[in-house]
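Undergrad: sharing a sequence plus its predicted fold:
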Amino acid sequence: MVNRRIGEILRSSEPDESLVVQGWVRTKRELKGFAFIEVNDGSSLANLQVVINEDVPDYDVILKKVNTGAAVEVAGVLVASQGKGQRIELKAETVKVYGEADPEVYPLQKKRHSFEFLRTIGHLRSRTNSFGAVFRVRNACSTAIHNFFQERGFLWVHTPIITASDCEGAGELFSVTSLDLKNIPRTENQAVDYSQDFFGKPTYLTVSGQLEAEVMAMAFSNVYTFGPTFRAENSNTSRHLAEFWMVEPEMAFCDLEGDMDLAEAFLKYIFKYVLETCPEDMEFFNQRIDNSVLATAENIINNQFERLTYTDAIKLLEKADFKFEYPVSWGLDLQSEHERYLAEQLFKKPVIVTDYPAQIKAFYMRLNDDEKTVRAMDILAPKIGEIIGGSQREERLDVLERRVIAQGMKPEDLWWYLDLRRYGTVPHAGFGLGFERLVQFITGMANIRDVIPFPRTPQSAEF
């Protein structure tokens with residue numbers, strides 16, 4: 001008999017086919033002389049109904065073991081289902097129980113559980129409908145990201161997890177050390193003696209692979225990173241993680257216009273791919289999590305994104321007939337409420353805001369001729385605010401050195417980055433996408449901790 005995944009069986013198999021399925025029992029219903037169990041193997045939202053008649057070998061023993069959560073292998077023949085809700089079902093010929101689950105203590109019984117509770121059993125929550133759907137969509141998003149860039153000739157580059165540079169200059173870094181924390185070596189002035197540490201200097205978990213991606217773009221033209229990044233930001237909110245994944249393309253011979261065009265095409269591609277690949281899961285989110293999920297996806301796919309400068313955005317916000325919690329004035333960064341007002345209330349679609357004040361943006365962004373603004377861009381999406389941040393990079397050595405110094409950094413610490421401007425510099429641009437924010441946006445899940453299998457947050461590194 002052929003071993004088949006349940007998702008494939010439900011999509012394309014026909015009655016009279018003999019096969020084997022393996023998975024976990026979601027429900028059991030006993031009747032006189034036979035029983036129904038529903039089996040799920042993670043390949044689809046829907047379960048496969050299995051009919052176990054009393055003529056199956058060891059029927060009574062098996063029935064005691066096939067409780068919710070048990071792992072089983074069923075061999076049998078597909079038959080047309082007589083009940084509602086399914087086209088076919090599996091008539092069991094043999095049932096093997098790999099692992100039992102005591103119904104008295106197994107925490108995932110047939111009822112709705114809160115997401116807060118499910119976070120306490122992160123080792124089991126993937127077996128629920130909600131998290132099964134989340135992680136299938138997460139997988140589809142990953143596939144779409146790679147497809148998008150590979151189809152366009154981008155090189156996927158692996159940038160370092162351990163780094164000595166703070167790309168964003170925010171200082172929210174996890175230190176990496178091999179020093180004995182009970183006996184830290186000190187210099188004469190009692191500072192930590194990093195010369196005795198593994199790398200001989202302070203090192204950290206990366207907050208971004210962008211600077212290294214720029215290095216690779218100066219040889220391969222178009223590259224992208226897709227890997228884990230870390231922020232030691234003590235924020236216990238529904239929007240922050242200490243460990244998350246970032247997608248960061250970098251393009252040589254590219255300006256801000258090309259950057260915006262690629263970012264818009266990128267989001268449209270991912271949403272379209274997910275709708276085509278995970279229609280059942282997306283329908284589930286629309287019904288159970290957020291009834292605007294499908295409309296939001298269609299809004300992304302079918303609308304040209306609005307584009308306006310930061311200066312124009314501030315003017316619109318100042319005129320808004322809306323009471324904001326945070327003040328609006330030129331020179332202040334946009335808060336989430338401002339971003340969402342622009343995308344949800346004013347334009348009712350994604351908005352790309354460009355040319356932000358230099359003092360609120362990173363040193364590597366290209367300075368405009370007005371010397372007050374930089375060639376930055378943020379994509380603001382309904383319901384979530386900023387989802388992509390990017391810029392044209394500063395390719396002029398003298399201007400970049402000036403910006404590095406102005407932000408309190410030492411040019412000698414970035415000698416290799418400045419070298420890129422000494423040897424064959426070109427206009428180039430790129431952007432960053434927080435992967436979990438994307439999955440959260442697509443699925444409608446309210447808390448970012450529920451779109452990553454094992455969330456890392458302040459005071460929490462379970463599982």
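TA: Great, that's in hand.
Undergrad: show me the shaky parts of the stretch 151-300 of the chain.
TA: Residues of the stretch 151-300 of the chain that meet the criterion pLDDT under 70 lie in 166-171.
Undergrad: ok, which stretches of it are strands?
TA: Assigned by DSSP state E, counting those that start in this stretch, the strands in the stretch 151-300 of the chain fall at 155-156, 162-163, 175-176, 203-205, 222-230, 243-252.
Undergrad: longest single strand anywhere in this structure?
TA: For the chain, the strand that runs over the most residues, judged by DSSP state E, is strand 18-31.
Undergrad: next SSE downstream of that strand?
TA: Downstream of strand 18-31, the first helix or strand assigned by DSSP states H and E is strand 34-40.
Undergrad: follow-up on the earlier one: what angle sits between the longest strand of the chain and strand 34-40?
TA: Interaxial angle, strand 18-31 versus strand 34-40 (axes from the mean of the first three to the mean of the last three C-alpha atoms, to 10 degrees): 120 degrees.
Undergrad: please name every helix or strand in contact with strand 18-31.
TA: strand 2-3, helix 6-12, strand 34-40, strand 48-53, strand 71-80, strand 88-99 (3 or more C-beta pairs under 8 Å, 6 or more residues apart in numbering; DSSP states H and E). Quick note: C-beta positions are derived from backbone N, CA and C, even for glycine.
Undergrad: tell me what angle the fourth one forms with strand 18-31.
TA: To tie it back to what came earlier, the one meant is strand 48-53. With the same axes, to 10 degrees defining the directions, strand 48-53 sits at 70 degrees from strand 18-31.
Undergrad: strand partners of strand 48-53, parallel vs antiparallel please.
TA: Next to strand 48-53 in the sheet, as set by DSSP bridges, lie strand 34-40 (antiparallel), strand 88-99 (parallel).
Undergrad: about what we covered before: could I get the helices and strands packed on strand 18-31 as CSV with mean pLDDT, mean neighbour count and distance to Glu337?
TA: As requested, the helices and strands packed on strand 18-31 are exported to CSV (pLDDT from 0 to 100; neighbours: other C-beta atoms under 10 Å; distance: least, C-beta to C-beta, whole Å):
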stretch, mean pLDDT, mean neighbour count, distance to Glu337
strand 2-3, 90, 9, 52
helix 6-12, 95, 16, 41
strand 34-40, 97, 21, 40
strand 48-53, 97, 21, 46
strand 71-80, 97, 18, 47
strand 88-99, 97, 18, 49
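Undergrad: nearest to Arg138, of these?
TA: The minimum distance between Arg138 and these falls on helix 6-12, with 16.0 Å, by C-beta to C-beta.
Undergrad: show me what the closest one is packed up against.
TA: Against helix 6-12 (3+ C-beta pairs under 8 Å, 6+ apart) you get strand 18-31, strand 48-53.
Undergrad: hmm, 7 Å instead?
TA: Using 3 or more C-beta pairs under 7 Å, 6 or more residues apart in numbering; DSSP states H and E, the elements in contact with helix 6-12 are strand 48-53.
Undergrad: tell me which of the strands of the stretch 151-300 of the chain is the most buried.
TA: Per residue and on average, the most neighbours among these fall to strand 243-252, with a mean of 23 (mean count of other C-beta atoms under 10 Å).
Undergrad: the closest residue to Arg186 other than its chain neighbours: how many residues sit nearby?
TA: Distances taken as C-beta to C-beta, 6 or more residues apart in numbering place Asp193 nearest to Arg186, at 5.7 Å, with adjacent residues excluded. The number of residues packed near Asp193 is 13, by other C-beta atoms under 10 Å.
Undergrad: and for the one 4 residues further on?
TA: Counted with other C-beta under 10 Å, residues neighbouring Asp197 total 18.
Undergrad: ok, it - contacts?
TA: If you count contacts by C-beta atoms under 7 Å, 6 or more residues apart in numbering, Asp197 has them with 177-179.
Undergrad: thinking again about what came up before, could you export the strands of the stretch 151-300 of the chain as JSON lines, including distance to Ala343?
TA: JSON lines is the format used below for these (distance: least, C-beta to C-beta, whole Å):
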{"stretch": "strand 155-156", "distance to Ala343": "30"}
{"stretch": "strand 162-163", "distance to Ala343": "33"}
{"stretch": "strand 175-176", "distance to Ala343": "37"}
{"stretch": "strand 203-205", "distance to Ala343": "32"}
{"stretch": "strand 222-230", "distance to Ala343": "25"}
{"stretch": "strand 243-252", "distance to Ala343": "20"}
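Undergrad: looking at these, spot the one closest to Leu108.
TA: strand 243-252 (25.5 Å).
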